[in-house]
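Student: Predicted model and sequence follow; I will ask about them next.
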Amino acid sequence: ARPFKQPSWSGQSLKRKTILVWGEQAIGDEIMFGTMLSEFQSVGGKIIIETAYRLVPLFRRAFSQLEVLARTDPPDPNLFSENIDFQISIGDLGQYLRPELSSFDKNHSYLLADSRQTEALNIRYDSLAKGRKRVGISWRSGIEHAGLARSLDHHALAKLLLCEDIWWLSLQYGDIDEDLAALEKGGVSLPYVDRDVDPLKSMDDVATQIKCLDLVISVANTTVHLAGALGTKTYALLPHAADWRWRNEGKECTWYPNVTLLRQTQPGAWSTVINRLMQKLNKSSQELP
């Protein structure tokens, strides 16, 4: 919870009113709930967004007509102003904007990477890929209570990286040196790691990376949300007991039309998922999802 004292918005008219929408939970959740903000703008009124500092550049670019502020503790004193009529957490917008499954048909990619940075990075990655398909890979979840079940083991990751004619780019955040050492010990070609990009400091830089790729493959972590919101074709690799947001069956993603869901058929077994992926990746580039 955030300590704002303004009345909670309950769906009433916002004409000539100001509302504060504050982000909640993790970065991926904020990106996911952000799929509703474009539609929320049509409700009217002035909208102020308080979000994680790493998302500020992306949200300002996507919602240029809105005021976007970084979340701090304590909050920016201006957010306690009596000129703000209502406040609501970003997830709570769902009860008004996504009341049923058909409401999600309004979802679309909405984030934009910096065009100049993307152009420059695209040239550099093109020289490294040398005509191969460019695929980003993220294999581990950092969620403390469920990260292990969501993450690829070294065997599954190594098998996937054997796919031919692919230039792999690591999109994995956090310390990956141990993972890379295990792959190298097993004789596997390592994905390219761009040391100029740190996802834990700048999501804008990661967005630039993703826009330079043909495809993203990721376990259920922030990478899926960022790629989904940017409109890049993505495979999300899900454990048998998937998180609520992915529903419990089907390959279509409710939140992002460009994301395809690949699910374990039994707990802990990534082999079927990896085999399906390898079949797709070893086909021609025209047959990529």
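Tutor: Looks like it came in fine.

Student: A helix includes residue 35, no?
Tutor: Yes - judged by DSSP: H, G, I helix; E, B strand; the rest coil, residue 35 forms part of a helix.

Student: Now do it, the pLDDT please.
Tutor: Predicted confidence (pLDDT) for residue 35: 98.

Student: so what's it closest to, chain neighbours aside?
Tutor: Spatial nearest neighbour of residue 35, chain neighbours left out: residue 107 (4.7 Å); criterion: Cβ to Cβ, 6 or more residues apart in numbering. All C-beta atoms are positioned from the backbone trio N, CA, C, and that covers glycine.

Student: Neighbours of that neighbour, how many?
Tutor: Burial of residue 107 is recorded as 20 neighbouring residues (other Cβ atoms under 10 Å).

Student: tell me the contacts of it?
Tutor: 35, 254-257 (Cβ atoms under 8 Å, 6 or more residues apart in numbering).

Student: Pull out the buried residues from these.
Tutor: Buried members of the contacts of residue 107, counted by 16 or more other Cβ atoms under 10 Å: 35, 254-256.

Student: Determine which two of those are furthest apart.
Tutor: 35 and 254 (9.8 Å; Cβ to Cβ).

Student: just to revisit the earlier point, may I see the buried ones among the contacts of residue 107 organised as a markdown table, with secondary structure and distance to residue 280 added?
Tutor: Below are these laid out as a markdown table (DSSP: H, G, I helix; E, B strand; the rest coil; distance: Cβ to Cβ, whole Å):
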| residue | secondary structure | distance to residue 280 |
| --- | --- | --- |
| 35 | helix | 26 |
| 254 | coil | 22 |
| 255 | coil | 22 |
| 256 | coil | 18 |
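
Student: pLDDT weak spots in this structure?
Tutor: Scanning the chain for pLDDT under 70 picks out 143-147, 284-289.

Student: Where do the helices of it begin and end?
Tutor: Assigned by DSSP state H, the helices in the chain fall at 27-33, 37-41, 56-62, 94-97, 115-129, 147-150, 154-160, 177-185, 203-211, 222-230, 271-281.

Student: Of all those helices, which one comes closest to residue 10?
Tutor: Between the helices of the chain, helix 94-97 lies closest to residue 10; by Cβ to Cβ that is 8.5 Å.

Student: re earlier: right, and out of the buried ones among the contacts of residue 107, which lies closest to residue 262?
Tutor: Nearest member of the buried ones among the contacts of residue 107 to residue 262, counting by Cβ to Cβ, is residue 256, at 14.2 Å.

Student: is it true that the closest one touches residue 232?
Tutor: No - shown here, residue 256 and residue 232 do not form a contact pair, counting by Cβ atoms under 8 Å, at 9.6 Å.

Student: Excluding chain neighbours, what is closest to residue 2?
Tutor: Nearest residue to residue 2 in three dimensions, chain neighbours excluded: residue 22, at 5.1 Å (Cβ to Cβ, 6+ apart).

Student: where's residue 198 relative to residue 169, distance?
Tutor: As for residue 198, its distance to residue 169 is 15 Å (criterion: Cβ to Cβ, to the nearest Å).

Student: Could you measure from the residue of the chain most remote from its centre over to residue 222?
Tutor: Here the chain reaches farthest from its C-alpha mean at residue 82, the gap being 34.2 Å by Cα atoms, centre = their mean. Going from residue 82 to residue 222 by Cβ to Cβ gives 36 Å.

Student: Please apply the same query to residue 279.
Tutor: Distance from residue 279 to residue 222, by Cβ to Cβ: 27 Å.

Student: Pick out whichever of these two has more residues nearby.
Tutor: residue 222 (24 against 10).

Student: Now that that one has come up, it's in contact with residue 174, right?
Tutor: No - with contact defined as Cβ under 8 Å, residue 222 does not reach residue 174; the gap is 10.9 Å.

Student: residue contacts, residue 76?
Tutor: Counting by Cβ under 8 Å, 6+ apart, residue 76 has contacts 50, 69-70.

Student: again, 6 Å this time
Tutor: Shown in contact with residue 76 (Cβ atoms under 6 Å, 6 or more residues apart in numbering): residue 69.

Student: Does residue 33 touch residue 94 like I think?
Tutor: No - here residue 33 does not reach residue 94: they are 7.2 Å apart, not a contact under Cβ atoms under 6 Å.

Student: Show me which of those two is the more surrounded one.
Tutor: Using other Cβ under 10 Å as the criterion, residue 33 and residue 94 rank with residue 33 on top: 23 against 15.

Student: The more buried one - nearest residue in space that isn't next to it in sequence?
Tutor: residue 90 (4.3 Å).
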